[in-house]
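Trainee: After the sequence you'll find the predicted model.
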Amino acid sequence: MWHVGKVIALGDETATARTITLEVADWPGQVAGQHVDVRLTAPDGYSAVRSYSIASGPNSEGRMELTVERLANGEVSPYLTQELAVDDQLELRGPIGGWFVWRTQQTEPIQLIAGGSGIVPLMAMIRSRASAGSAAPFRLLYSVREPAAVFYRDELRALLGHDQAVNLTYAYTRAAPKNWPRPPGRIDAALIANATWPSNIGATCYVCGPTSFVETAAAFLIASGHSPDKIRTERFGATGDRK
Amino acid sequence: MAIISRGFSGRRTAGDQKLPPGQYLTPDFPVLSAGPTPHVPLDQWEFTIDDGDKVLQRWDWKSFRDLPTETLTVDIHCVTRWSKFGTTWEGVSLDTLLAEVKTDASYALVHSYGGYTTNLPLADLLNKQAWIAFRYEHEDLAPEHGGPARLLVPHLYLWKSAKWVQGITLMDQDKSGFWERLGYHNYGDPWREQRNWGD
């Protein structure tokens, strides 16, 4: 069944990504990491559906946040990031996905690795952890193109300031802040070794990002001793081959 | 009655009539996998058919590749809503692989290197509906797309086309696979939009 969500706030995360806050009266709730189908319908009945990760943690007000990155050739994301206005309605279906999720009962150490907008479902996990008062130790390795491409910057900073059990490492691929210790570049074995849990700690790893990023990060985790069955992945985008 | 999205016109594609409901056409080949990509050396690869108790048929890579192959061009449909038209594969038909197997089983559980499983009626693997594919667009199948070999069942959503396929267990009773236990539809017909439990 399709739910109706009313847009109650819009906020830009970056030049190309927007957070949409929706009020969904009959939403059944979700687990951190799940996504939702969003349906747009044109006046002639043509419709398009895409799936987006839910960014918000659980809450009691029937509110949900999605953060949508605009794809240059997208059909739905340009509408959601440029056209959509407060008080508009969106049709939603879900929540969807029972694997790439973090449940508040989990107490083991958690390793989150985000590439670009892959931060969105991982942010839901961080928010879910905070609202549940969980003591599960979290580490986040967040790879972004440049400082201006970081989502949720202030919230992450505030969270880290008052909770020692969440550890965050930024990795910049194109441009780093001045005096940043690591020169800009793609993630590598040394970064994975230095910024993630040691493999003997038994962390569950969640890796989300573009396909090539996830393939690389998961391979480095395995090479550094993490068990493949403790690594959960969510990939988006193409492999680059347009055959 | 759907809610009209103010200012949305959408982008129709020429192939819309070939698209199952709720799908969109992509020229790309996205990768959806629940975990890391397993890398299976060909000298360790094998494919088996068993009945839950004993192995009925077993192939190593060489004996598998000695089997007659077929080249097919099909449309594929992922439950995450992308479809891709006219993909060309080379593989061994399940009709060939199951030709010598005598069974009264009605169901199959497909299992993969890395631990993935998916279930489907045995009838959906027969009669030119399913292949173990090892080439995609005339090249060896890339690991992220399921190489060295994957199941290909193009008439069902692509999660049924298990990557890194290792074997098939024939069963009298149906048994849910990985995604089928986690909320995906048990059968997964894209034309009936059987995405999730209850669809």
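Mentor: Yes, it's here.
Trainee: For residue B:69, see how far away residue B:86 is.
Mentor: 19 Å (C-beta to C-beta, to the nearest Å). No exception for glycine: its C-beta is placed from N, CA and C like everyone else's.
Trainee: more neighbours, these two?
Mentor: Taking other C-beta atoms under 10 Å in any protein chain shown, residue B:86 and residue B:69 do not tie; residue B:69 has more neighbours (19 against 11).
Trainee: so the more buried one touches residue B:132, yeah?
Mentor: No. Under the criterion of C-beta atoms under 8 Å, residue B:69 is not in contact with residue B:132, lying 9.6 Å apart.
Trainee: what residues do those two have in common as contacts?
Mentor: B:91-92 (C-beta atoms under 8 Å, 6 or more residues apart in numbering or on different chains).
Trainee: tell me the contacts of residue B:178?
Mentor: A:99, B:34, B:115-118.
Trainee: hmm, which of the residues you listed are the buried ones?
Mentor: Buried subset of these (neighbour count, 16 or more other C-beta atoms under 10 Å in any protein chain shown): A:99, B:34, B:116-118.
Trainee: Please produce TSV containing the residues you listed, extended by pLDDT, distance to residue B:46 and secondary structure.
Mentor: Conversion of the buried ones among the contacts of residue B:178 to TSV gives the following (pLDDT from 0 to 100; distance: C-beta to C-beta, whole Å; DSSP: H, G, I helix; E, B strand; the rest coil):
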residue	pLDDT	distance to residue B:46	secondary structure
A:99	94	27	coil
B:34	89	23	coil
B:116	96	17	coil
B:117	98	17	strand
B:118	98	19	strand
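Trainee: Walking through chain A, point out its strands one by one.
Mentor: A:3-12, A:17-24, A:35-41, A:47-53, A:63-69, A:89-96, A:110-115, A:138-144, A:166-172, A:204-210, A:231-236 (DSSP state E).
Trainee: Counting by contacts, list what the last one packs against.
Mentor: So the one you mean is strand A:231-236. strand A:204-210, helix A:211-223 (3 or more C-beta pairs under 8 Å, 6 or more residues apart in numbering or on different chains; DSSP states H and E).
Trainee: ranking those by burial, who's on top?
Mentor: Sort these by mean neighbour count, taking mean count of other C-beta atoms under 10 Å in any protein chain shown, and strand A:204-210 sits at the top with a mean of 25.
Trainee: Show me what the mean pLDDT comes to for that one.
Mentor: For strand A:204-210, mean pLDDT is 97.
Trainee: Export it to CSV, keeping only CA atoms.
Mentor: Taking C-alpha atoms only, strand A:204-210 is exported to CSV below (Å, rounded to 0.1, in the frame of the first residue of the first chain):
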residue,chain,number,x,y,z
THR,A,204,29.8,-5.9,12.2
CYS,A,205,30.7,-3.7,9.2
TYR,A,206,28.2,-1.7,7.1
VAL,A,207,29.6,-0.4,3.8
CYS,A,208,27.5,1.9,1.6
GLY,A,209,28.4,3.9,-1.4
PRO,A,210,29.0,3.7,-5.2
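Trainee: what's the nearest residue to the most centrally placed residue in chain A if we skip its chain neighbours?
Mentor: Centroid check for chain A by C-alpha atoms, centre = their mean gives residue A:120 as the closest residue, at 1.8 Å. If the residues on either side of it in the chain are set aside, residue A:120 comes closest to residue A:53, at 4.2 Å by C-beta to C-beta, 6 or more residues apart in numbering or on different chains.
Trainee: what's near enough to touch that neighbour?
Mentor: A:33-35, A:66-67, A:120-121, A:124, A:208, A:234.
Trainee: I'd like the distance between residue A:73 and residue B:137.
Mentor: 22 Å.
Trainee: who has more neighbours, these two?
Mentor: residue B:137 (13 against 9).
Trainee: Mean pLDDT per element in the chain, and the minimum belongs to which helix or strand?
Mentor: This is for chain A. helix A:153-162 (a mean of 86; mean pLDDT, DSSP states H and E).
Trainee: meant chain B actually
Mentor: strand B:24-25 (a mean of 90).
Trainee: picking up where we left off before, which residues sit against the least confident helix or strand of chain A?
Mentor: Outside helix A:153-162, the residues touching it (C-beta under 8 Å, 6+ apart) are A:126, A:130, A:140, A:150, A:166-168.
Trainee: that older thread, tell me the strands beside the helix or strand that the least confident helix or strand of chain B is followed by, with direction?
Mentor: Using DSSP states H and E, the helix or strand that follows strand B:24-25 in sequence is strand B:46-50. Strand B:46-50 has the following strand partners under DSSP bridges: strand B:55-60 (antiparallel), strand B:165-171 (parallel).
Trainee: quick one: buried residues of the helix or strand just after the last one?
Mentor: Later in the chain than strand B:165-171, the nearest helix or strand by DSSP H and E is helix B:178-181. Neighbour-count burial for helix B:178-181, with 16+ other C-beta under 10 Å as criterion, is recorded at B:178-180.
Trainee: Ok, stretch B:104-120 next?
Mentor: B:105, B:107-114, B:116-120.
Trainee: ok so, going back, quickly list what the residue nearest to residue A:120 is bridged to.
Mentor: Applying DSSP bridges, one finds that residue A:53 bridges with residue A:35.
Trainee: so how many other residues sit close to the residue in chain B positioned nearest to chain A?
Mentor: Nearest to chain A, among the residues of chain B, is residue B:28, at 3.1 Å (C-beta to the nearest C-beta). Using other C-beta under 10 Å, residue B:28 has 15 other residues around it.
Trainee: Could you measure from it over to residue A:235?
Mentor: Residue B:28 sits at a distance of 12 Å from residue A:235 (criterion: C-beta to C-beta).
Trainee: ok so, going back, tell me the one of the buried residues of helix B:178-181 nearest residue A:19?
Mentor: residue B:179 (28.9 Å; C-beta to C-beta).
Trainee: Make sure that closest one is actually in contact with residue B:118.
Mentor: Yes. Assessed by C-beta under 8 Å, residue B:179 is found in contact with residue B:118 at 6.8 Å.
Trainee: which stretches of chain B have low pLDDT?
Mentor: Along chain B, the parts satisfying pLDDT under 70 run over B:1, B:13-16.
Trainee: which of the contacts of residue A:53 lies closest to residue B:149?
Mentor: Closest to residue B:149, out of all of those and judged by C-beta to C-beta, is residue A:234, at 24.3 Å.
Trainee: any idea how far the closest one is from residue B:174?
Mentor: From residue A:234 to residue B:174 the distance is 28 Å (C-beta to C-beta).
Trainee: Those two - which one has more neighbours?
Mentor: residue A:234 (22 against 16).
Trainee: so the more buried one touches residue A:208, yeah?
Mentor: Yes. Contact criterion C-beta under 8 Å: residue A:234 and residue A:208 qualify, at 4.4 Å.
Trainee: shared neighbours, these two?
Mentor: A:53, A:100, A:118, A:121, A:214.
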